[in-house]
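A.B. asks: test case, fold it:
(2 chains)
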Amino acid sequence: MTNALSTAAAELDEPRRGTGTARFLLGKLGGAIGSLLLVVALGFLLFRMIPGDPVTTLTRDRPTSPEQLAQLRARLGVDQPLLQQFLDYLGGLLRGDLGTSYGYNRPVSALIGERLGPTLLLVGTATVLAVALGLWLGVRAAWRRGSLFDRTHTGIALTLWSMPQFWLGLLLLIATQGVFPSGGMRSPDTPPEFFPQLLDIAHHLVLPCVTLLAVIYAQYMLVMRSSLLGEMNAEYLTTARAKGLREDLVRRRHAVPNALLPTVTLVFLQFGLVVSGTVTVETVFSWPGLGLLTYEALRVPDLPLLQGVFVVMAGSVIVMNLIAEVLYRVLDPRVRAQ
Amino acid sequence: MGAAVAAAALVAGPFVPAAQAQQQSGTVLRVALVQEIDHLNPFLASFASSTMVGRMAWEFLTLPSAEDNTPAPGLAESWSTSPDKLTWTYKIRDGVQWSDGQPVTAKDAAYTFTRIMTDENAQEANGTYVENFESVTATDDRTLVIRTKTPQASMTALDVPIVPEHIWANQPNMTDPATDSVPVVGVGDGPFLITEYRPNELVRLKANPDYWRGRAKIDELQFISYKNSEAAVNALRNNEVDFVNRLTSTQFDTLKNAEGITTNQAIGRRYREIIVNHGAQTQSRQPIGDGNPVLKDVRVRQAIARALDPQTLVDKVLGGYGQTGGGIVPASFPAYHWEPAANERYTFDPAAANAQLDQAGYPRGADGTRIGPDGKPIELRLLGRASEDFAQRASDYVVSWLGAVGIKVTKQLVSDNEVDERTNNGTYDLAFSGWGTSPDPDYILSKQTCAALPAVAGSSSSTAFFCDPEFDRLYAAESTEFDPATRAGFVKQAQARYYSQVPSIVLDYDNVLEAYRSDNFASFTKQPAGTGQIMEQSGYWGFYGATPAEGGSSASGGPSGGAWIAIGAGIVVVLAIAGTAAGRRRKSADDQE
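C.D. replies: Reported below is the predicted structural model:
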């Protein structure tokens, strides 16, 4: 009797867990799509609240007749009611059309597409390095809590974290005195073959990457440190030690894997934010990426371009959030069981 | 790190075929470009840096001379006008070739102007030059005839690049991005030809071997993008570029004593001003905005001019790099520049300003602020761009100077956009402003006429809402006068009239601050000779006249030797770390439980 009951419960359990995962995924996906819609709507309204009429911005310094102004308004679609403009924008968005930039007179999606590669290279490299450095330092610092190593590195990380990126970048630029290029992504005269180009880009990448790295690694280090500290009094570590394991094995095989979870999610959460946070670094080093595009769009101001960049950046944060939440569930069985 | 290299490889991959095989040969002049490029298409290019690139690639009919900005022959070797001044005939130079071998003829010039007149999309950059054109025709390969609707004195200053008809006639849509690509913009007849364009990175030009004035002394000209002027200065110091312009006074001062670097301080072509809202109105004379009515009194405007001290602003805010102003044509154009006589000048004199305001009937109230005709204290708003260092610092001086004569001023530093919007709509009292001028004074004077008043509130056109019959009369006389001396006389009288009415107060002409590697380049051609600027001229003289230095280190592109060593060292360190980590991993694997 007891046996039959437990079998029934087990049978009941299986399908329920399946729908649980599906429901979880659907729920998260729905939430992400909802947020994305909200972002699009918010972005649309936000950029229409900025003072200044786009038509007068475009005709600055040029004598214009009322007919010309009306024509321009019609071409840009700003003579339509706000709701109609929003629906048009939404329709375009679904077809992958982000509108046409005022300043460049080219599709916004093409402009963003061109700049995405350099930004992903910069952010990707900096994130990989920052994660590696942050985790390594965080583990060391936690394991020897209160030591000189811990105090120095926590101090350095916090100092760099609070430093203005613009200033740090300029400081590095001037301090390295010509060892690395002052700006850009490629030199004009590098041979077109693959390897020289690769080295040339790597050479240009060093300073912006180090600047970004210096500012973002601190959070990985601090999260890793605190989550490892949380694990350090756990009884399974005492068990491991009682088995006679060497201290570094206890750390590496038992404590660190358990403490890694919050950091992994943080990596994904932050990746989305870093893409938008490259504006200053890219401006200092003239790195031809999304951040620089945003800076240029702000100066005009180029509303369709700003709006497009805003949607892409906010979208990347939402997608990364989604990945982090799903990943957390995959990585941690305890979350899945709930 | 492996991931980083892999990522670099992934991203670099697609770029590699795009990079042209450009083997380094001969002398390269590398110019830092701190302003972005909007278009290379000369019909659309409106940013200063883009028009500068266009100047190198396409010749003009005529252009301002390097010596003194007077009209000099370009494609047109001579020109003449009919007695009624309505028909202009240009004799086109023989034997000039496009870089693809086709001859340059009058038909190309006729095509260029006609395209601007008939294609709305082609008017963006140079539409104003053809507004008064009746027709443009090539009567034969060597003769271009332009008929204008009314006499136009600026016909020898048409700043329009002439493009090849056989290339551009194939481009029906002017806004097509293909019109910015090298196959289209690469065909030219100027001193340099565009050979590579990487948006936001680089524009590369090669010396045109068949250029009619003779091949340039340098082989290649590169405009390299820097979005940050500090980085550009750093690049000059490190010999990554040879030329930097648009320097701040601080940057200029530090470069003055740098080894291997020469600085150039030139009288600029811009004037800086405070515009005074003396009654903003539309073309149909409808008042717009909410300017303080007290500014309609010319005596108040003159008193304000007397209460300000532009020399202090030049010394303290511009670090000495500017000339105090007179007329709206800067001192860099001596033929048309006007300075008030000593007895007409509004010199800094608070006592005289006070006396004039007393006399005009604006007594001081209890707190020392003067009372307007409406019985309220006179309070003015001073508008400026928060993004601009000059407005930030100069506004404090202006507030205290005008406070001293009993006019209360509140400064309003706002976004660029808001400044544009409010100056267009007349919702300001005083505002910092400024204009760049061209060698021919017609355009800047036309901006001050009644005809330039906005058609409706908000459409930008006039600079200071000035509308004065006497000024308009002098402007009309100037724009239809063909004797240079008489015309200059009218231009100066018009400026004198403007000065006496004070629709704006010209503060100064900012200096243009430039610096170059004098260990690589011995000299450049300045415009005007001796005191002028090198980059962003009205012409191509500066870089066309670049002379390499004797034994100068010919520019080497890519990373320097030291850089290669640094990269090598970096790779070694990474490999060492990776090796150690792998070793330790293996060791600990042996220790496994």
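
A.B. asks: so the closest residue to chain B within the stretch 151-300 of chain A versus B:Q222, what's the distance?
C.D. replies: Taking Cβ to the nearest Cβ, chain B has its nearest neighbour within the stretch 151-300 of chain A at A:D189, 2.3 Å off. C-betas here are computed from N, CA, C, even on glycine. Counting by Cβ to Cβ, to the nearest Å, the separation of A:D189 from B:Q222 is 9 Å.

A.B. asks: which neighbours do those two have in common?
C.D. replies: Residues touching both A:D189 and B:Q222 by Cβ atoms under 8 Å, 6 or more residues apart in numbering or on different chains: B:V28.

A.B. asks: thinking again about what came up before, the residue of the stretch 151-300 of chain A closest to chain B and B:E196, how far apart?
C.D. replies: Per Cβ to Cβ, A:D189 is found 11 Å from B:E196.

A.B. asks: circling back: tally of neighbours for the residue of the stretch 151-300 of chain A closest to chain B?
C.D. replies: Other residues near A:D189 number 20, with proximity taken as other Cβ atoms under 10 Å in any protein chain shown.

A.B. asks: from B:W212, how far out is it?
C.D. replies: 29 Å.

A.B. asks: low-confidence ranges in the chain?
C.D. replies: Since no chain was named, I'll use chain A. Applying pLDDT under 70 to chain A flags the ranges A:1-19, A:51-53, A:56-66, A:275-277, A:335-338.

A.B. asks: not quite, go with chain B.
C.D. replies: Applying pLDDT under 70 to chain B flags the ranges B:1-25, B:458-462, B:551-593.

A.B. asks: per-domain residue ranges of it.
C.D. replies: With domains defined by the TED database, chain B comprises B:28-260+B:518-548, B:269-511.

A.B. asks: who touches stretch B:251-268?
C.D. replies: Applying Cβ under 8 Å, 6+ apart, the contact partners of stretch B:251-268 are B:229-230, B:233, B:236-237, B:239, B:247, B:319, B:321-323, B:330-332, B:509-519, B:526, B:531-534.

A.B. asks: among those residues, which are in helices?
C.D. replies: Among those, the ones falling in helices (DSSP state H) are B:229-230, B:233, B:236-237.

A.B. asks: who wins for neighbours among the residues you listed?
C.D. replies: Counting neighbours by other Cβ under 10 Å, B:V233 leads the ones in helices among the contacts of stretch B:251-268 with 28 neighbours.

A.B. asks: tell me if I'm right that it and B:R246 touch.
C.D. replies: No: under the criterion of Cβ atoms under 8 Å, B:V233 makes no contact with B:R246, lying 10.4 Å away.

A.B. asks: mind listing the strands for the stretch 301-450 of chain B?
C.D. replies: Here the stretch 301-450 of chain B has its strands, by DSSP state E, counting those that start in this stretch, at B:322-324, B:379-385, B:408-414, B:430-436.

A.B. asks: which positions in the strand ranked longest in chain B come out as buried?
C.D. replies: Taking DSSP state E as the criterion, chain B has its longest strand at strand B:504-517. Using 16 or more other Cβ atoms under 10 Å in any protein chain shown as the test for burial, strand B:504-517 gives B:504-517.

A.B. asks: can you check stretch B:83-92 too?
C.D. replies: By 16+ other Cβ under 10 Å, the buried positions in stretch B:83-92 come out as B:85, B:88, B:90-92.

A.B. asks: got it, and stretch A:197-210?
C.D. replies: Buried residues in stretch A:197-210, counted by 16+ other Cβ under 10 Å: A:197-210.

A.B. asks: out of these, which touch chain B?
C.D. replies: For chain B, the contacts drawn from the buried residues of stretch A:197-210 by Cβ under 8 Å from any Cβ of the partner chain are A:197-203, A:205-206.

A.B. asks: ok and the residue in the stretch 351-500 of chain B nearest chain A?
C.D. replies: Using Cβ to the nearest Cβ, the single residue of the stretch 351-500 of chain B nearest to chain A is B:N417, 3.4 Å away.

A.B. asks: ok, the nearest residue to B:V399 once chain neighbours are set aside to B:Y346 distance?
C.D. replies: Nearest non-adjacent residue to B:V399, counting by Cβ to Cβ, 6 or more residues apart in numbering or on different chains: B:V409, 4.7 Å away. Distance of B:V409 to B:Y346, computed by Cβ to Cβ: 18 Å.

A.B. asks: spatially central residue for chain A, please.
C.D. replies: Central residue of chain A (Cα atoms, centre = their mean): A:G272, 2.0 Å from the mean position.

A.B. asks: wouldn't that residue be in contact with A:I318 here?
C.D. replies: Yes: taking Cβ under 8 Å as the contact criterion, A:G272 and A:I318 are neighbours in contact, 7.5 Å apart.

A.B. asks: if we can go back for a sec, the longest strand of chain B: what's the following helix or strand?
C.D. replies: strand B:521-523 (DSSP states H and E).

A.B. asks: any idea how far that following strand is from the chain center?
C.D. replies: Centroid separation for strand B:521-523 versus its chain: 24 Å, with Cα atoms, centre = their mean, to the nearest Å.

A.B. asks: each with direction, which strands does it pair with?
C.D. replies: Strand B:521-523 has its sheet partners listed here by DSSP bridges as strand B:547-548 (antiparallel).

A.B. asks: who's in contact with the partner strand?
C.D. replies: Outside of strand B:547-548, the residues within contact range by Cβ under 8 Å, 6+ apart are B:27, B:217-218, B:520-524, B:554.

A.B. asks: of those, grab the buried ones for ChimeraX.
C.D. replies: In ChimeraX, a selection of the buried entries from the contacts of strand B:547-548 looks like this (16+ other Cβ under 10 Å):
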select /B:27,217,218,520,521,524
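
A.B. asks: need the contacts of strand B:547-548 in TSV with distance to B:E134, can you?
C.D. replies: Compiled in TSV, the contacts of strand B:547-548 are given as follows (distance: Cβ to Cβ, whole Å):
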residue	distance to B:E134
B:T27	46
B:K217	42
B:I218	42
B:N520	50
B:F521	46
B:A522	48
B:S523	44
B:F524	40
B:S554	52
